[in-house]
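> I need the structure of the sequence given here:
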Amino acid sequence: MRADELEAVGDGAARAFAGGVAHVQSTHRAIARRVFGAARAAGPAAGSVRAAHDGIADGVYAAVRGIGTVAVRGIARTATVVRPPGDDLRALADRPIGVALLGALNGAFGARFATEDSPLALRMTVRVKGEDLPLEPAELRRRFPLPSGRVAVLVHGLCMTDAAWELGSDEDAYYARRLHRDLDYDVVSIRYNSGRRIPQNGAELASVLEQLVAVWPGGVRDLALIGHSMGGLVCRSACAVAAETGHGWVDPLNDVVTLGTPHLGANLERAAATAHWAAGLLPETKLFADLLELRSDGVLDLRDGAILMEDTPLSVDRWPWGERGTAVPLLEGVHHHAVGTTMARNPESWLAANVLGDLLVTPASASSRAKGDRRLAFEEDDVVILGGVDHFALLHDAKVYSHVRRWLRPVGALPAAGRTGDGVVDGTVEGG
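Residues are numbered from 1 along each chain as shown. I've put the predicted structure just below:
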């Protein structure tokens with residue numbers, strides 16, 4: 001770990017420690033206030049006892065907070081000087097475990113990292129085989145000496161990085177390898193800070209894709225976006241930005257595939273919002289509300305699948321079950337496909353489709369199978385619901401890939417683009 005990263009971890013741990021002490025102190029005060037309020041009838045002595053209690057308690061908490069914060073920061077700074085033998089000072093992003101840690105930290109605190117310009121903040125980069133790909137003609141020609149003109153872009157989900165597409169030891173199961181081997185796609189992936197707002201990442205992705213297509217050797221004749229979970233919303237947000245600004249990368253865009261994407265919102269985030277609202281009703285439980293308040297901007301956007309900047313920020317709109325996301329139609333002339341999964345073996349059951357899902361996203365949300373203005377007009381053959389598949393298996397499951405391969409067939413074999421007028425979705429349903 002680099003010195004600046006270690007210091008950033010120390011500063012973050014110190015703030016967390018101080019914040020934790022403050023939350024405990026607040027809860028202690030609330031409980032004491034209720035106790036002393038009940039004891040007020042005992043006489044005037046109760047007020048003196050409370051004043052003494054509050055003074056002593058506040059002094060103890062201040063000492064613990066001050067000493068603990070200094071100690072945590074001191075340990076981190078000492079470690080930057082006294083390093084173990086053989087430490088090569090590699091960045092966290094260059095270590096497999098470090099990459100996973102950075103993905104999780106950015107998913108949880110990425111918005112704060114970005115605001116503070118922390119060295120722990122992930123920036124959006126194009127990646128190939130675990131390395132950054134500079135968007136320069138010479139570098140692209142070196143990495144892709146025989147370009148096919150077909151480019152697939154993989155976009156990961158919350159608390160992940162591009163490494164998520166290469167989970168497991170079976171390299172033949174990696175989508176990048178399969179798509180290149182089976183359909184002659186040149187495949188790149190996107191690494192981004194999933195704790196930022198989804199529309200912020202969408203706007204940046206639109207800009208990155210504009211640069212990528214502009215300098216791709218030989219030009220791009222067929223572009224496909226494949227997004228997992230939150231990544232699918234980032235892709236749709238980028239499409240909305242491109243359509244509004246007239247970006248040129250939309251011209252070769254033929255397919256957008258979303259895997260377990262909460263187009264209509266994530267019930268898990270709604271449940272967290274409900275718990276936050278309920279915990280804030282009493283002073284004694286405000287500690288839990290404050291902890292839930294730490295959810296990142298990206299997580300908050302998942303509540304309703306918000307992909308536009310004008311969607312009301314959740315810091316303003318805290319009621320957990322209100323619809324907030326703006327209705328954004330699918331791009332005309334582009335084939336949109338969706339895979340939804342459920343842990344249940346029978347994906348047709350109401351419980352599996354609307355409650356259980358893959359434990360994070362329901363098939364109803366992933367396929368936009370719901371009534372209302374925000375329902376998306378997927379073609380019947382472009383929606384698949386799979387049973388017995390969890391949320392993370394979408395990244396490497398053979399059944400999922402078989403449908404991705406079917407959809408991303410050669411351009412000449414694609415049917416003419418079109419959309420149903422009523423938006424009815426009766427996609428393929430498969431059991432486990």
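> Do a quick rundown of the strands in this structure.
125-128, 131-132, 150-155, 186-191, 222-228, 253-259, 335-342, 383-387, 428-430 (DSSP state E).
> W277 is nearest to which of these?
Among the strands of the chain, the nearest to W277 by C-beta to C-beta is strand 335-342 (27.6 Å). Heads up, the C-betas are built off the backbone N, CA and C, glycines and all.
> packing partners for the closest one?
Applying 3 or more C-beta pairs under 8 Å, 6 or more residues apart in numbering; DSSP states H and E, one finds that strand 335-342 contacts strand 253-259, helix 363-366, strand 383-387, helix 398-407.
> Highest mean neighbour count out of the strands of the chain?
Ranked by mean neighbour count, the strands of the chain are led by strand 335-342 with a mean of 28 (mean count of other C-beta atoms under 10 Å).
> so where is the stretch 151-300 of the chain shaky, pLDDT-wise?
Scanning the stretch 151-300 of the chain for pLDDT under 70 picks out the ranges 169, 283-293.
> where along it do the helices fall?
175-183, 198-215, 230-245, 267-279, 286-292, 297-301 (DSSP state H, counting those that start in this stretch).
> Buried residues, the second one. List them.
Of the residues in helix 198-215, those scored as buried under the neighbour-count criterion (16 or more other C-beta atoms under 10 Å) are 198-210, 212-213.
> re earlier: can you say which of the helices of the stretch 151-300 of the chain is nearest to L158?
helix 230-245 (4.5 Å).
> Tell me what angle that closest one forms with strand 335-342.
160 degrees (axes from the mean of the first three to the mean of the last three C-alpha atoms, to 10 degrees).
> packing partners for helix 230-245?
strand 150-155, helix 198-215, strand 222-228, strand 253-259.
> Outline the domain layout of the chain.
3-89, 125-265+325-430 (automatic domain parsing).
> Name all residues that make contact with the closest residue to G107 other than its chain neighbours.
Distance criterion C-beta to C-beta, 6 or more residues apart in numbering; nearest residue to G107, sequence neighbours excluded, is C159 at 3.1 Å. Applying C-beta atoms under 8 Å, 6 or more residues apart in numbering to C159 gives the contacts G103, A104, N106, G107, A108, S194.
> Now list the buried members of those residues.
For these, buried by 16+ other C-beta under 10 Å: G103, A104, N106, G107, A108, S194.
> Quick check, D311 in contact with R303.
No: between D311 and R303 there is no contact under C-beta atoms under 8 Å: 10.2 Å.
> Looking at these two, which one has more neighbours?
Taking neighbours as other C-beta atoms under 10 Å, D311 and R303 compare with R303 leading, 26 against 19.
> Narrow the buried ones among the contacts of C159 to those in helices?
When those are checked against helices (DSSP state H), the matches are G103, A104, N106, G107, A108.
> Having no further points to raise, I will conclude here.
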